[in-house]
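Undergrad: show me how the following folds:
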Amino acid sequence: MPRLNTKELMEREAKAQARKDEWRSIYEDCYEFALPQRNLYSGYYEGRVAGKAKMARVFDSTAIHATQRFANRLQAGLFPPYKQWCRLEPGSQIPEQDQVRAQDIMDNYTTRLFETLRQTNFDLAMGEFLLDLAVGTAVMMITPGDEATPVRFNSIPQYLVAIEEGANGGVDNVYRQLRIKAEAIQREFPGVNMTAELMEAIERKPDQELDLRDAVIFDQESGRYHYHVFWPAKKQELFYREMRSSPFVVSRYMKVAGEVYGRGPLVTAIADIKTLNKTLELVLKNASLSIAGVYTAADDGVLNPQNIKIQPGAVVAVARNGGPNGASLAPLPRAGDFNTSQIVINDLRMNIKKIMMDDTLPPDNMSARSATEVAERTRELATNLGSAFGRLITETMVPIIARTLFVLDQQGLIDLPLKVNGAEVKVTPVSPLAQAQKLQEINDVVQYMQIANAMGPQGQASISVPRVLAFIAERLGIDQNILNSPEEQEQIMMQMQQAMMEAQQPAQPGAVNDGGAMAGAMV
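TA: The predicted model follows:
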């Protein structure tokens, strides 16, 4: 595909944005009631009103808290901070005789990878990324850094991004709205095309923010990505570069066939969220009526309704308080009490928490829960995620690791000649959620071994202990450095057999006579 010019880029970006606008009403409700602080809809971005209060219509925080819990549980289960949550392993294209040596090399790469991640802002960006994923679509931008921070992770708000799908349902093209100060453009994009309009903007108003666009377009023929930065207001391209890897990682929680954008648990729960919010709004209005009330006043020339203050200790001057003409001031009877809070609020809150998988542990004043119960709840969370768990691995974990390794390789921090494509190098999750599923496989193997051992010698002969141990080590993600090689295992077995044979040899004759003499003396 030839390189696109600015006009073609603007046309494709406008079409992608138009398709995204079809989702605006769905995503806008989710952000307004569950993620108000990350809400850029309703004119918050276009109006440049950063810092404005965004919770004017929010009366209940259940959805906000449940969404935070959802993101925190996913991060703790899939990307736990300061822990190793995946492992690099040789793929099927690596010869079997080289698998052990290749795994040793992969373990070194894994160690270096997570040492680098701990130097970066990955954990912070991942928390924001998972909040957007609760709505349905999340975007992460991974770019090279400096010596102190080798890789930079930036969670891009979903509002700023429009995407296009390519082959096999993958996201190939990404368009992003970018707002940057004029004086920072040269530092952000070294080698930028300094047009006359850009130079004028930098000289006259260096602190003015310019609305730019950047786009990543995948070239099907060459397999490379075209990265463009253009200025829509001036219809000028400011920066261009070819790349072998896209800096954007786009993940969808769940996707319906024929749709490009994802649907998260908040899309499912938004009906209950809005109903709960409206119910509490009406309850609060009913409470205000109960406190202040509504009154009728007679226009008798003495009572002035404009000067009346209904408050404790107030004295209201009236001409009469009763009689044939009625009271000058009397409360207006209400049709009835709005008392639905006891009927629906608790049910709605439980439904929202269930959809958001906010299954919290019992409070501290309850009896202590065992580690087995906590592990079972982790496994239940992995089960409830269903197909979303696999999409989180294929669209989030694997692309993040592949892009990070690519950046480290480009900077010369590692030398990785292989591709992270599942055939040469594969990414295996070893996070708590992934381990919860693998523990079931281990339990099945252990149960089989118990049954086989109970069958006697024939059952015991059917089990290869070294292979079983290798299977368990692989499922638990044990580092190969702490395991003995097959040659070392064979040497240790020979030493143990030799020690057993020496222990079973009869004692020396002299020792027997001494023992007999001692026995005779004792008699």
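Undergrad: so how far is residue 436 from residue 445?
TA: 16 Å (CB to CB, to the nearest Å). The way it works is simple: take the backbone N, C-alpha and C, and place the C-beta from them, glycine included.
Undergrad: tell me which of these two has more neighbours.
TA: Remark: of residue 445 and residue 436, residue 436 carries more neighbours, 19 against 14, as counted by other CB atoms under 10 Å.
Undergrad: separation between that one and residue 8?
TA: From residue 436 to residue 8 the distance is 48 Å (CB to CB).
Undergrad: where in the stretch 51-200 of the chain is pLDDT low?
TA: Scanning the stretch 51-200 of the chain for pLDDT under 70 picks out the ranges 51.
Undergrad: helices of that one, start to end?
TA: 62-78, 99-119, 122-135, 185-188, 196-204 (DSSP state H, counting those that start in this stretch).
Undergrad: and the gap between the residue found closest to residue 139 once you drop the neighbours it is linked to in the chain and residue 166?
TA: Using CB to CB, 6 or more residues apart in numbering and skipping the chain neighbours, the partner closest in space to residue 139 is residue 156 (4.2 Å). Applying CB to CB, the value for residue 156 to residue 166 is 19 Å.
Undergrad: out of these two, which sits in the more crowded spot?
TA: The neighbour count for residue 156 versus residue 166, taken as other CB under 10 Å, is higher for residue 156 (22 against 11).
Undergrad: my guess is that one contacts residue 143, does it?
TA: No - if you go by CB atoms under 8 Å, residue 156 and residue 143 don't touch, sitting 11.4 Å apart.
Undergrad: quick check, central residue of the protein?
TA: residue 130 (2.9 Å; CA atoms, centre = their mean).
Undergrad: the closest residue to that residue other than its chain neighbours: how many residues sit nearby?
TA: The shortest distance from residue 130 to any non-neighbouring residue, by CB to CB, 6+ apart, is to residue 71 (3.9 Å). Residues lying near residue 71 (other CB under 10 Å) number 22.
Undergrad: could I get the full set of helices for the stretch 251-400 of the chain?
TA: 265-292, 346-355, 371-385, 387-392, 398-410.
Undergrad: least reliable of those helices going by mean pLDDT?
TA: Out of the helices of the stretch 251-400 of the chain, helix 371-385 stands lowest, with a mean of 64 (criterion: mean pLDDT).
Undergrad: between the host helix or strand of residue 427 and helix 398-410, how many degrees?
TA: Per DSSP states H and E, residue 427 falls inside strand 425-429. Interaxial angle, strand 425-429 versus helix 398-410 (axes from the mean of the first three to the mean of the last three CA atoms, to 10 degrees): 130 degrees.
Undergrad: can you give me the angle strand 425-429 makes with helix 99-119?
TA: Using the same axes, to 10 degrees, the inter-axis angle of strand 425-429 relative to helix 99-119 is 60 degrees.
Undergrad: identify the residues contacting strand 425-429?
TA: Strand 425-429 has contacts (CB atoms under 8 Å, 6 or more residues apart in numbering) with 78, 85-91, 106, 393, 397-398, 401-402, 416, 418-420, 434, 477.
Undergrad: list only buried entries from the residues you listed.
TA: 78, 85-91, 106, 393, 397-398, 401-402, 416, 418, 420, 434, 477 (16 or more other CB atoms under 10 Å).
Undergrad: ok, how many other residues are close to residue 489?
TA: Neighbour tally, residue 489, other CB under 10 Å: 13.
Undergrad: touching, it and residue 469? I think so.
TA: No - Residue 489 lies out of contact with residue 469 (CB under 8 Å); the separation is 9.4 Å.
Undergrad: how near is the residue nearest to residue 414 when sequence neighbours are not counted to residue 82?
TA: Distances taken as CB to CB, 6+ apart place residue 408 nearest to residue 414, at 4.8 Å, with adjacent residues excluded. Distance, residue 408 to residue 82, by CB to CB: 19 Å.
Undergrad: which of those two has more residues huddled nearby?
TA: Taking neighbours as other CB under 10 Å, residue 408 and residue 82 compare with residue 408 leading, 20 against 8.
Undergrad: contacts only, for that one.
TA: Taking CB under 8 Å, 6+ apart as the test, what residue 408 contacts is 112-113, 116, 150-151, 414, 416.
Undergrad: how much space between it and residue 401?
TA: Applying CB to CB, the value for residue 408 to residue 401 is 11 Å.
Undergrad: list the residues that contact both of those two?
TA: residue 113.
Undergrad: quick one, helices of the stretch 401-523 of the chain?
TA: 432-454, 457-461, 465-476, 486-504, 509-522.
Undergrad: any chance of the ones you listed in a markdown table, with mean pLDDT and distance to residue 56 too?
TA: As requested, the helices of the stretch 401-523 of the chain are exported to a markdown table (pLDDT from 0 to 100; distance: least, CB to CB, whole Å):
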| stretch | mean pLDDT | distance to residue 56 |
| --- | --- | --- |
| helix 432-454 | 80 | 37 |
| helix 457-461 | 81 | 70 |
| helix 465-476 | 79 | 51 |
| helix 486-504 | 82 | 68 |
| helix 509-522 | 47 | 95 |
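Undergrad: distance to residue 195 for the ones you listed - can I get that in JSON lines?
TA: Below are the helices of the stretch 401-523 of the chain laid out as JSON lines (distance: least, CB to CB, whole Å):
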{"stretch": "helix 432-454", "distance to residue 195": "50"}
{"stretch": "helix 457-461", "distance to residue 195": "79"}
{"stretch": "helix 465-476", "distance to residue 195": "56"}
{"stretch": "helix 486-504", "distance to residue 195": "65"}
{"stretch": "helix 509-522", "distance to residue 195": "100"}
